[in-house]
Structures are given as structure tokens and as C-alpha cells.
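Undergrad: Generate coordinates for the sequence data below:
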Amino acid sequence: MMGRGHSWGTMAALALLWGAAGCGPDTAGRGNFSAGFSADVGADDDGVGTLGDGGFEDESGEGGGTFGDGDDGDGGADDDSDPDGGDGPAADDGGGGALDSLCDYPSTDFDGPRKLLDVEAGSDAMLTFSVQGVPDPSLITQAMLHWEAEDLDHPGQEGDIVVNGGGNIPLPAAGGNDNVETTESVDVTGLLIEGSNRIDFTAGTFSGGTYYFIGAVTLELEVAAAACPEPPPLPTGSYQEMGYLDATYTNRHNWVLRCDGPPYSYTGSSLEHVDEDCDGLFAPDGSRTGTATFAFSNVAPGNYRVEIESFHSASRNPSGALFVVDGIGNRVDQLVDAADAGFETGVWGETFLSGDIDVVLDSADSSASDSVGIVKLVPAP
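TA: Reported below is the predicted structural model:
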């Protein structure tokens, strides 16, 4: 994670410090600021302050002094009328005069591919992103959520943004955004918690269904601190895998679970595959629909690359097999030329996982053939 601070001009910063310390002109028209250094800033004959050995110096002799190195006694202004440097107010020691910092906290899969939500109207499916290391909300003066999008083209009907289970902010959309990539932002001040934050993009109400891409999700926070608080490093996860025989199936009659050859399952529609099924339960209804759920338990918190080992062939789903990982859907290409058919590992993407996690091969709305052999949760650096 990275943070970045505000960029303040030298003069602007000095002006803010001057005001924060309650400094005003002394009887000679000079500012009196005691902060361990001289801060008697003025203009030269051309109206421009000059930077001398220790800071700004007034060459005109009027209305200015030297921004010194702090070794002239008590650190007061270099003021001819007050050779002792003056008894101005003490500098703020960080208890209330610190400048705000502008800090970025990217989602755990910020650098991964954009994720697609492609569901029917009213679906409870959503895209979920995790942002780690958010500082104490009492330090956050403003929070902006930024992301990249494509196809947000139905205003008021694209769905909502839900932050930690609340907010329900309507997704920004415009009629001209069909197949258009955009960068979007919303204010989420007051919705964040310290540490791990969940950002959901829900399905909408448009009658034609929800279809959009979201990626590069990040939080930009204005934090009341002189520097951006460093988030803790992501914990290292623990490798897990599950095979096709460990999955739970819906519409089991549409699935072929192979025992006579390569270890994988697939959705089928032809009776010619009956003898390939392990349990003799394959009795296709012609739809090839169904789901296979891999229920992982006690996944160690961490960032994971989700890999799908399956049998790729020329008869696979041309749109890609839809795998839903902890509520996040993404497609894995399994279509190859007949001559290249065989076992391959496809990468679903990377995401932060923790606890009990379901990985679902969702063929419920597909009439094409999908396949799965092994689902792997691989700790990602």
C-alpha cells in the first residue's frame, strides 16, 4: 500500500505555521515566531523574499528578517529591536497543528483484471473488493472511493455501492456509457472502519439485466496526521485445494463426473457420455445447467491467486466458465482447438480471502459446457 502527502508550497506552509502559532507583527513591523528557528520572513526591494544561509532574508531592511538555523539562543526571530529573539509562543509539538495528509489505500486486487458482473435483474450477486489497513476513522476527515468501470450506462438502475454493509450509494451511470470505460468516484466519509473494509458493487434493476466491469478500486483518505499511517503487511495465506469429487452439485443429472480417465467433471447434454460418469447418475435433460460448489473451511487470512485446473477443449463455453469466489464472479477461458485439448490451469484472479469460502462453478444459466478438476487457493505475494 502506498500513501502520499499533500504538496504545499513553501510560502503557503510558512503562512499556515505563522497563523497556527498565533504570530503577529512586533513594534518594528516584523513577525515574532519562536519555534527553535528564526521565522522572520519579509520581502526584498523587489517584493520577493530571498532564501539566505538559513532561510528567507529581507534585503531591504524593512519589514523582514532572517529565517535562520535555530541556534540563536531561544530560537526567536532575528529582530534588531529584540536581540534576544523575543518570547513568542512555542511551536506546536504535533498535538494539534499537524497538516492533513492525502493517502491512498488500494484494494487487495487493485492490479488484477477488472471483474464482470453479468446477472439477471434483481440478482443478489455482487462484486466484492477488500481494502486493508485503513486507519482509525477518527483521523479521517474525508474519504473518497475511486474505481475504473465499463458499461455503466443505465442511470439509477445499475445497482449500489455498499461499504461495510451500509451506505447503499447508487452507482454513477450515464446513457452514453455503453461499452465506454470511465473513472468514477463517490464520497464514503463516515462509512469506513479501522483495518479491513469490504466494498460491494451490487446488481441493478434494469430489465435487461446487469452487465458491467469494475476494477482498480482504491480509497483516497484525508487523514489528520503529518504523514500517512502505514498499513500492516498483508498476512501470508495457506495453500488449499479441492478436487471435483469434493464438490456439491446441483442438477447432478447434467454433470459427468469422470472416473474412467482424466479426473474432472463437466456439464453435458448427450447420452453418449453416460458410461463416463462415476456413479451412473448422468441423465441429461439437454440444458447443461447446474452448479458445482467447493466449500473451503478456515482459510487463513491473506491475498490469494485462485487457480482452476480443468479439461480445456473445443466444446467448452465460448464465453468462459463463470467461477464465483466468495461472491465475486469472473470467467475462465476453457476453449481451445480440438488438437490442443487437455488439462490446463486457468487463473481466476487474485483476492483477499479469510474464513469459510465458497468457490462456485456457476453453469445455472449456461447452455454451454463447463469443466472443473481442481480448485486451488494459492497464497499470492
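
Undergrad: so who does the closest residue to Ser238 other than its chain neighbours touch?
TA: Leaving out its chain neighbours, the residue that sits closest to Ser238 by CB to CB, 6 or more residues apart in numbering is Ala300, at 4.1 Å. In short, each C-beta sits where N, CA and C put it, glycine included. Contact analysis of Ala300 by CB atoms under 8 Å, 6 or more residues apart in numbering lists Pro235, Thr236, Gly237, Ser238, Ser354.

Undergrad: Neighbouring strands of the helix or strand hosting Ala300 in the sheet, and parallel or not?
TA: Ala300 is part of strand 291-312 when elements are defined by DSSP states H and E. With DSSP bridges as the test, strand 291-312 is paired with strand 248-250 (antiparallel), strand 342-362 (antiparallel), strand 374-379 (antiparallel).

Undergrad: Could you check that strand and say which residues are buried?
TA: Within strand 291-312, the residues that count as buried by 16 or more other CB atoms under 10 Å are 291-294, 296, 299-312.

Undergrad: Met204 is in what secondary structure piece?
TA: Careful, residue 204 is Gly and not Met. Using DSSP H and E, no helix or strand contains Gly204.

Undergrad: quick one, what contacts the residue nearest to it when sequence neighbours are not counted?
TA: Leaving out its chain neighbours, the residue that sits closest to Gly204 by CB to CB, 6+ apart is Gly159, at 3.9 Å. Taking CB under 8 Å, 6+ apart, we find Gly159 in contact with Leu117, Met126, Pro170, Leu171, Phe201, Thr202, Ala203, Gly204, Thr205, Thr210.

Undergrad: distance of Gly159 from Asp100?
TA: Distance check for Gly159 against Asp100: by CB to CB, to the nearest Å, it reads 32 Å.

Undergrad: All the helices of this protein, residue numbers only.
TA: For the chain, the helices defined by DSSP state H cover 10-20.

Undergrad: tell me the domain ranges of it?
TA: Annotated domains of the chain cover 22-91, 101-223, 240-379 [automatic domain parsing].

Undergrad: Quick one: those domains as a markdown table, columns for mean pLDDT and distance to Pro231 too.
TA: What follows is these, written out as a markdown table (pLDDT from 0 to 100; distance: least, CB to CB, whole Å):
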| stretch | mean pLDDT | distance to Pro231 |
| --- | --- | --- |
| domain 22-91 | 39 | 30 |
| domain 101-223 | 93 | 2 |
| domain 240-379 | 93 | 12 |
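
Undergrad: I'd like to know which of the ones you listed is closest to Glu230.
TA: domain 101-223 (7.8 Å; CB to CB).
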